[in-house]
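K.L.:
sequence isn't available, so here's the structure alone:
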(Lines give C-alpha, C1' and ligand atoms only; values in the text may rest on other atoms or scores of the structure.)
Protein backbone atom coordinates (compact mmCIF):
# COMPACT_ATOMS: atom_id res chain seq x y z
CA UNK A 1 0.00 0.00 0.00
CA UNK A 2 2.86 2.33 0.78
CA UNK A 3 4.41 1.64 -2.64
CA UNK A 4 1.22 2.54 -4.47
CA UNK A 5 0.81 5.90 -2.73
CA UNK A 6 4.37 6.94 -3.51
CA UNK A 7 4.61 7.12 -7.30
CA UNK A 8 7.80 7.76 -9.17
CA UNK A 9 7.66 10.94 -11.19
CA UNK A 10 8.56 10.46 -14.84
CA UNK A 11 10.54 13.27 -16.44
CA UNK A 12 8.36 15.46 -18.63
CA UNK A 13 8.80 15.10 -22.37
CA UNK A 14 10.37 18.11 -24.04
CA UNK A 15 7.88 20.34 -25.80
CA UNK A 16 7.56 19.69 -29.53
CA UNK A 17 9.57 21.95 -31.76
CA UNK A 18 7.45 24.37 -33.77
CA UNK A 19 7.41 23.95 -37.55
CA UNK A 20 9.66 26.23 -39.56
CA UNK A 21 8.02 29.46 -40.69
CA UNK A 22 6.48 29.53 -44.14
CA UNK A 23 8.20 31.64 -46.78
CA UNK A 24 6.51 34.96 -47.46
CA UNK A 25 3.89 34.67 -50.14
CA UNK A 26 3.88 36.97 -53.13
CA UNK A 27 0.37 37.41 -54.49
CA UNK A 28 1.59 38.93 -57.76
CA UNK A 29 3.66 35.90 -58.68
CA UNK A 30 2.26 32.52 -59.64
CA UNK A 31 3.89 30.03 -57.29
CA UNK A 32 2.04 26.89 -58.37
CA UNK A 33 2.92 25.66 -61.83
CA UNK A 34 -0.15 24.90 -63.89
CA UNK A 35 0.16 23.45 -67.36
CA UNK A 36 -0.93 26.00 -69.95
CA UNK A 37 -2.99 25.23 -73.04
CA UNK A 38 0.03 24.97 -75.36
CA UNK A 39 1.66 22.64 -72.82
CA UNK A 40 -1.46 20.45 -72.81
CA UNK A 41 -1.31 20.23 -76.60
CA UNK A 42 2.41 19.37 -76.48
CA UNK A 43 1.83 16.76 -73.78
CA UNK A 44 -0.98 15.08 -75.71
CA UNK A 45 1.04 14.99 -78.94
CA UNK A 46 4.11 13.71 -77.09
CA UNK A 47 2.08 10.91 -75.49
CA UNK A 48 0.39 10.02 -78.79
CA UNK A 49 3.57 9.85 -80.86
CA UNK A 50 5.60 7.96 -78.25
CA UNK A 51 2.90 5.27 -78.00
CA UNK A 52 2.53 5.16 -81.79
CA UNK A 53 6.27 4.84 -82.48
CA UNK A 54 6.93 2.24 -79.80
CA UNK A 55 3.86 0.25 -80.83
CA UNK A 56 4.86 0.31 -84.51
CA UNK A 57 8.45 -0.68 -83.80
CA UNK A 58 7.25 -3.44 -81.47
CA UNK A 59 4.78 -4.66 -84.08
CA UNK A 60 7.48 -4.88 -86.77
CA UNK A 61 9.93 -6.58 -84.41
CA UNK A 62 7.23 -8.98 -83.20
CA UNK A 63 6.19 -9.74 -86.78
CA UNK A 64 9.77 -10.53 -87.75
CA UNK A 65 10.22 -12.86 -84.75
CA UNK A 66 6.61 -14.16 -84.93
CA UNK A 67 6.01 -13.42 -81.24
CA UNK A 68 3.34 -11.05 -79.93
CA UNK A 69 5.10 -10.60 -76.59
CA UNK A 70 7.62 -8.25 -78.24
CA UNK A 71 4.76 -5.95 -79.26
CA UNK A 72 3.58 -5.88 -75.67
CA UNK A 73 7.09 -5.23 -74.32
CA UNK A 74 7.69 -2.35 -76.74
CA UNK A 75 4.28 -0.85 -76.00
CA UNK A 76 4.93 -1.16 -72.24
CA UNK A 77 8.27 0.64 -72.55
CA UNK A 78 6.53 3.38 -74.55
CA UNK A 79 3.85 3.68 -71.86
CA UNK A 80 6.42 4.03 -69.08
CA UNK A 81 8.34 6.68 -71.02
CA UNK A 82 5.09 8.51 -71.80
CA UNK A 83 3.99 8.50 -68.18
CA UNK A 84 7.38 9.79 -66.99
CA UNK A 85 7.31 12.58 -69.58
CA UNK A 86 3.62 13.52 -69.51
CA UNK A 87 2.26 13.03 -65.99
CA UNK A 88 4.48 15.44 -64.01
CA UNK A 89 4.03 19.11 -64.75
CA UNK A 90 7.48 19.76 -66.20
CA UNK A 91 8.55 23.41 -66.69
CA UNK A 92 8.65 23.06 -70.49
CA UNK A 93 4.84 22.61 -70.39
CA UNK A 94 4.50 26.09 -68.84
CA UNK A 95 6.19 28.28 -71.44
CA UNK A 96 3.00 30.12 -72.50
CA UNK A 97 1.25 31.27 -69.31
CA UNK A 98 -2.33 32.48 -69.57
CA UNK A 99 -2.75 36.23 -69.09
CA UNK A 100 -5.77 36.64 -66.82
CA UNK A 101 -7.78 39.85 -66.69
CA UNK A 102 -7.81 41.99 -63.59
CA UNK A 103 -10.78 41.42 -61.31
CA UNK A 104 -13.77 43.69 -61.81
CA UNK A 105 -14.77 45.61 -58.67
CA UNK A 106 -18.16 44.81 -57.21
CA UNK A 107 -20.80 47.31 -58.37
CA UNK A 108 -22.73 47.23 -55.12
CA UNK A 109 -19.71 48.41 -53.10
CA UNK A 110 -19.16 51.45 -55.41
CA UNK A 111 -22.75 52.75 -54.94
CA UNK A 112 -22.42 52.98 -51.19
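P.N.:
Cool, the structure landed. Small disclaimer: the values here were computed from a predicted structure and weren't measured.

K.L.:
so the most centrally placed residue in the chain is in which element?
P.N.:
For the chain, the residue sitting closest to the mean C-alpha position, by Cα atoms, centre = their mean, is residue 88 at 4.4 Å. For residue 88, there is no helix or strand it lies in under DSSP states H and E.

K.L.:
determine the longest helix present in this structure.
P.N.:
The single longest helix within the chain, with elements called by DSSP state H, is helix 37-65.

K.L.:
measure how far the next helix or strand after that one is from the centre of its chain, please.
P.N.:
In the C-terminal direction, the helix or strand that comes right after helix 37-65 (DSSP H and E) is helix 69-86. Distance of helix 69-86 from its chain centroid, counting by Cα atoms, centre = their mean, to the nearest Å, is 20 Å.

K.L.:
circling back to that earlier point, could I get the pLDDT score of the residue nearest to the centre of the chain?
P.N.:
The model reports residue 88 with a pLDDT of 89.

K.L.:
ditto for residue 2
P.N.:
50.
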